[in-house]
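**Student:** Everything below, folded, please.
(chains A, B, C and D)
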Number of protein chains: 2
Amino acid sequence: MELLKLSNQLCFPLYALSRKITSHYLPILEKLGLTYPQYLVMLVLWDEHKLSVKELGERLMLDSGTLSPLLKKLQEKHLLTRTRSREDERVVLIELTDTGLSLKNMATGVPNDIMCSLQISIEEMDQMRKLASGMLEKLNQLEPA
Amino acid sequence: MELLKLSNQLCFPLYALSRKITSHYLPILEKLGLTYPQYLVMLVLWDEHKLSVKELGERLMLDSGTLSPLLKKLQEKHLLTRTRSREDERVVLIELTDTGLSLKNMATGVPNDIMCSLQISIEEMDQMRKLASGMLEKLNQLEPA
DNA sequence: TAAAATTAAATTGTATAAAATTTAATTGCA
DNA sequence: TGCAATTAAATTTTATACAATTTAATTTTA
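**Tutor:** Numbers count the residues shown, from 1 in each chain, chains lettered A, B, ... in the order given. Next up is the predicted model:
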């Protein structure tokens, strides 16, 4: 097999698929006034309400170089607050505002909207999610932070 | 199931995995002086040698907004040339240089290096590639360019 | 055939990503 | 205790992505 061909790479379909799926989120998230990475941050906050930038970065596998400006934008939208921790002044705590919490109600339809937009079955989605999650977990164990 | 949880999203593991895999390419491609998207462009050119920006964009699912600056950089590295087509002056033809062609020899080890770096089996890779490729193809048919 | 519509690239503007550096705070330990 | 090492965020720099607009060339069509 010709290994140096785009069609034989694993990386490419994964990279293209990820971008493609993100593009399907765009019109759906527009109603919420969120970009896709901003939506991911809100998903974490709807689940946990309050955590540090570092913890948020661990959940999303993003560093402060990406998160800092992103969180600043969400703060400007009044969806979250950023406060220095009293116990450790190095830590910045991110906390959901009431506005941020109430946005969750508007977001309940997003997962279903995406499934429709992608025309994908629950089974297909689950298979892919398990495969991707498993591979991701393995790679994270390979080189612990 | 709580649908608005990061762990239950398909999108997130795919997005994180794609970034993770790209990060594994970084040290490997460094030897070639290429970034990951630049490597993808070279993969296409090693296979086809000469094609228009539009055709390249179709192969990689990237638009001119992304490709134009990227191709400029590869031209500066003397890996390819950019020429206006005689038949249609709107078209810019991208062609591999000798330097660009000879870089292929240095890249022969990349696929194997990646497999080692990812600690992934051929079977696992094939399963994932087929699943991702299939889903990607279906999504592309959904809304034809 | 001349204006309108379309097309291909490039450009502009906005938003990530992520490596590397910087700053400030905390911890470990000699 | 005091200083070196570490840690958490932010900042800086470089490189994508991609929507929207612009420019120039080609096609379509009234």
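**Student:** how deep is the closest residue to DNA strand C within chain A tucked in, by neighbour count?
**Tutor:** DNA strand C sits closest to residue A:65 of chain A, with a gap of 2.6 Å, by C-beta to the nearest atom of the strand. To be clear about C-beta, it is placed using only N, CA and C from the backbone, and glycine gets the same treatment. Residue A:65 is flanked by 9 other residues according to other C-beta atoms under 10 Å in any protein chain shown.
**Student:** That one is in what secondary structure piece?
**Tutor:** When elements are assigned from DSSP states H and E, residue A:65 belongs to helix A:64-76.
**Student:** and that helix, how far from the chain's centre?
**Tutor:** With C-alpha atoms, centre = their mean, to the nearest Å as the basis, helix A:64-76 stands 13 Å off its chain's centre.
**Student:** got the contact list for residue A:32?
**Tutor:** Contacts of residue A:32 were listed using C-beta atoms under 8 Å, 6 or more residues apart in numbering or on different chains, and they are A:39, A:103, A:106, A:107, A:110.
**Student:** Could you dump those residues into TSV with pLDDT, secondary structure and distance to residue A:32 added?
**Tutor:** Output for the contacts of residue A:32, formatted as TSV (pLDDT from 0 to 100; DSSP: H, G, I helix; E, B strand; the rest coil; distance: C-beta to C-beta, whole Å):
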residue	pLDDT	secondary structure	distance to residue A:32
A:39	98	helix	7
A:103	98	helix	6
A:106	96	helix	6
A:107	96	helix	6
A:110	96	helix	8
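**Student:** Contacts only, for the residue nearest to the spatial centre of chain A.
**Tutor:** The centroid of chain A falls nearest to residue A:40 when counting by C-alpha atoms, centre = their mean (2.8 Å). Residues in contact with residue A:40 (C-beta under 8 Å, 6+ apart) are A:60, B:6, B:12, B:15.
**Student:** ok, the second one - how many residues close by?
**Tutor:** What it means is residue B:6. For residue B:6, the neighbour count with other C-beta under 10 Å is 18.
**Student:** got it, and the first one?
**Tutor:** Residues near residue A:60, counting by other C-beta under 10 Å, number 20.
**Student:** Hmm, residue B:20 and residue A:15 touching each other?
**Tutor:** No - look at residue A:15 against residue B:20 with C-beta atoms under 8 Å: they stay out of range, at 11.2 Å.
**Student:** Just the local confidence number for the residue lying closest to residue A:52 once chain neighbours are set aside, please.
**Tutor:** Nearest non-adjacent residue to residue A:52, counting by C-beta to C-beta, 6 or more residues apart in numbering or on different chains: residue A:91, 4.9 Å away. At residue A:91, the pLDDT value in this model is 98.
**Student:** ditto for the one 3 residues further on
**Tutor:** Predicted confidence (pLDDT) at residue A:94: the value is 98.
**Student:** In stretch A:8-20, which residues are buried?
**Tutor:** Across stretch A:8-20, burial judged by 16 or more other C-beta atoms under 10 Å in any protein chain shown covers A:9, A:10, A:11, A:12, A:13, A:14, A:15, A:16, A:17, A:18, A:20.
**Student:** so what's the third one up against?
**Tutor:** With C-beta under 8 Å, 6+ apart as the criterion, the residues that contact residue A:11 are B:21, B:22, B:25, B:36, B:114.
**Student:** Apply 6 Å and report the result again.
**Tutor:** Residues near residue A:11 by C-beta atoms under 6 Å, 6 or more residues apart in numbering or on different chains: residue B:21.
**Student:** Which SSE is immediately downstream of the helix holding residue A:65?
**Tutor:** Per DSSP H and E, the first helix or strand lying C-terminal to helix A:64-76 is strand A:80-84.
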